[in-house]
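Chemist: all I have is the shape, not the residue letters:
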């Protein structure tokens, strides 16, 4: 597919008229999907698709469109010619864009992860065998993901990766389930077996009579998937330069008032070890890492080309939304197996959901516990707890209320498949937090 994309890019170049420049970005995948219900295959299939985004530039005017590729040369070339005609018509009517910025220094690259995935049929057979007698429900997605960039200046970039993602739950009854996931680049049967065993142990506790917790402050453990909901909220607007300059960032107190988080908190955009490619759809190369928060202090922002042009700074190839795609939170010192003893009496929370800001300028969030959350007493998980609502500032969760982070971290890959498989990921530990506020 790489050479086919480059051939199409060369064809676009031949079609250009005087003063025109093009950039083009390819997204593609060759994926296997399998849905499970009651520990059995509910639906299986595959998706092979490629989409081409084409931007035509003339001076400070630009127009963009996209098309689905058929992988048939004549058909795809005709689609490109038709799209170029449409874009030219649009350019004639568009005003100049004062914040247009795209890569003009040629920085070509090629990155391929080794394909270490087993045959999907083997993985599915293994899942079914180990889930025998359990109501396992979820989706397995695996296979190749492609990204490509080309422009009329001669730049060519290619990215190819082979991840898998099993997003699943063990269902008990009613609204009772244990949700977890297993994702990465190398399927390890032992790792999946351990995750399944842990989920089965929690499922047994979930079958006990639930406890209703009164509103108040408790020591809690947020497992990596629960902490991921918090960092997802931060990713909305916390790290972008545009949000900072317009004072819409939820980390405003860190940026302007000198508020800091716990010194154990180091957060970065780690493209080198994430799932996203190391180049953007504007042709800029992404640095291996962007240090966002270092030892509790805010350090750098994510800067899109448009923000770079508007505010006169250098871009680090962030997307237009200036959100992390490969977020990483540094590991701590707590052994995950010691978490119940460290809690003593408190709550072990596997998942959160329905999060939103209750006070964005204070980085205060509200949301609900979800799936398997447990009451811990005398260092042991005792019983499940009914759904609770929390209201707490992330500045305090990861600040003066943070007891510590776990040594072990989970690679959490987005399970979103809207239009295509997502390349967003997060590498996160769990967090023990004291005086965590529940309101209902």
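Modeler: Received, thanks. Since the model is a prediction, treat every value here as computed from it, not as a measurement.
Chemist: partner strands of whichever strand or helix holds residue 168, parallel or antiparallel?
Modeler: Residue 168 belongs to strand 164-173 when assigned by DSSP states H and E. If you go by DSSP bridges, strand 164-173 pairs up with strand 136-151 (antiparallel), strand 176-184 (antiparallel).
Chemist: can you say which of the ones you listed is packed in most?
Modeler: For those, the largest average neighbour count (mean count of other CB atoms under 10 Å) is found in strand 136-151, namely a mean of 22. For every residue, glycine as well, the C-beta is placed using N, CA and C.
Chemist: mean confidence (pLDDT) on it, please.
Modeler: Throughout strand 136-151, pLDDT has a mean value of 97.
Chemist: what's the angle from the helix or strand following that strand to strand 136-151?
Modeler: Reading on from strand 136-151 to the C-terminus, the next helix or strand found by DSSP H and E is strand 156-161. If you take axes from the mean of the first three to the mean of the last three CA atoms, to 10 degrees, strand 156-161 sits at 170 degrees to strand 136-151.
Chemist: which helices and strands sit right next to strand 156-161?
Modeler: helix 2-15, strand 109-112, strand 136-151 (3 or more CB pairs under 8 Å, 6 or more residues apart in numbering; DSSP states H and E).
Chemist: for the nearest residue to residue 235 once chain neighbours are set aside, helix, strand, or coil?
Modeler: Nearest non-adjacent residue to residue 235, counting by CB to CB, 6 or more residues apart in numbering: residue 323, 4.6 Å away. Three-state call for residue 323 (DSSP: H, G, I helix; E, B strand; the rest coil): coil.
Chemist: over to residue 97?
Modeler: coil.
Chemist: and residue 81, by the same measure?
Modeler: Residue 81 ends up helix, using three-state DSSP.
Chemist: re earlier: okay if I get the strands paired with strand 164-173 as JSON lines plus distance to residue 67?
Modeler: As requested, the strands paired with strand 164-173 are exported to JSON lines (distance: least, CB to CB, whole Å):
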{"stretch": "strand 136-151", "distance to residue 67": "14"}
{"stretch": "strand 176-184", "distance to residue 67": "30"}
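Chemist: which one, of these, ends up nearest to residue 367?
Modeler: Among those, the nearest to residue 367 by CB to CB is strand 176-184 (15.1 Å).
Chemist: helix or strand right after that closest one?
Modeler: As assigned by DSSP H and E, the chain's next helix or strand after strand 176-184 is helix 189-206.
Chemist: who are the packing partners of that next one?
Modeler: Packed against helix 189-206, as judged by 3+ CB pairs under 8 Å, 6+ apart, are the following elements: helix 120-130, strand 164-173, strand 176-184, strand 364-377, strand 380-384.
Chemist: got the buried residues for the first one?
Modeler: When you say that, I think you mean helix 120-130. Within helix 120-130, the residues that count as buried by 16 or more other CB atoms under 10 Å are 120, 123, 124, 127, 130.
Chemist: between those, which sits nearest residue 41?
Modeler: residue 124 (6.6 Å).
Chemist: pretty sure the closest one sits against residue 43.
Modeler: No - between residue 124 and residue 43 there is no contact under CB atoms under 8 Å: 11.5 Å.
Chemist: for stretch 181-193, what is the average pLDDT?
Modeler: Mean predicted confidence for stretch 181-193 is 94.
Chemist: what distance separates that stretch from the centre of its chain?
Modeler: Offset of stretch 181-193 from its chain centre (CA atoms, centre = their mean, to the nearest Å): 18 Å.
Chemist: ok, stretch 405-420 next?
Modeler: On CA atoms, centre = their mean, the centre of stretch 405-420 falls 6 Å from that of its chain.
Chemist: identify each buried residue in it, please.
Modeler: Neighbour counts using 16+ other CB under 10 Å place 405, 406, 409, 410, 411, 412, 413, 414, 415, 420 of stretch 405-420 among the buried residues.
Chemist: quick one: end-to-end distance for it.
Modeler: The first and last residues of stretch 405-420 sit 33 Å apart, counting by CA to CA, to the nearest Å.
Chemist: cool, stretch 110-122 as well?
Modeler: Note: stretch 110-122 ends 30 Å apart using CA to CA.
Chemist: in that stretch, which residues are buried?
Modeler: 117, 120.
Chemist: hmm, who's touching it?
Modeler: 32, 34, 140, 142-144, 157-162, 164, 185-187, 277-278 (CB atoms under 8 Å, 6 or more residues apart in numbering).
Chemist: which of those are buried?
Modeler: 32, 34, 140, 142-144, 157-162, 164, 185, 187, 277-278.
Chemist: re earlier: shared neighbours of residue 124 and residue 43, anything?
Modeler: Common contact partners of residue 124 and residue 43 (CB under 8 Å, 6+ apart): residue 34.
Chemist: measure stretch 131-139 end to end?
Modeler: 14 Å.
Chemist: one step back: can you pick out the most distant pair from the buried residues of helix 120-130?
Modeler: Across the buried residues of helix 120-130, the longest distance by CB to CB is 15.8 Å; it joins 120 and 130.
Chemist: which pLDDT value goes with the residue nearest to residue 235?
Modeler: Note on residue 323: pLDDT of 96.
Chemist: phi first, then psi, for it.
Modeler: phi -110, psi 150 (degrees, to the nearest 10).
Chemist: now do the contacts for it.
Modeler: 235, 236, 239, 240, 302.
Chemist: following the helix or strand hosting residue 327, which helix or strand comes up?
Modeler: Element membership of residue 327, judged by DSSP H and E, is strand 326-329. With elements assigned by DSSP H and E, the helix or strand that comes after strand 326-329 is helix 339-343.
Chemist: helices or strands up against that next one?
Modeler: Packed next to helix 339-343, using 3+ CB pairs under 8 Å, 6+ apart, are strand 216-222, strand 402-413, strand 425-438.
Chemist: re earlier: residue 385: which of the strands paired with strand 164-173 is closest?
Modeler: Nearest of those to residue 385, taken as CB to CB: strand 176-184 at 11.7 Å.
Chemist: not counting the closest one itself, show me its contacts.
Modeler: Counting by CB under 8 Å, 6+ apart, 137, 163-172, 191-192, 195, 198-199, 202-203, 206-207, 225, 350-351, 370-372, 384, 410-413, 415, 425 sit against strand 176-184.
Chemist: try it again at 6 Å.
Modeler: Defining contact as CB atoms under 6 Å, 6 or more residues apart in numbering, one finds that strand 176-184 is touched by 165-167, 169-171, 192, 195, 199, 202-203, 206, 351, 371-372, 411, 413.
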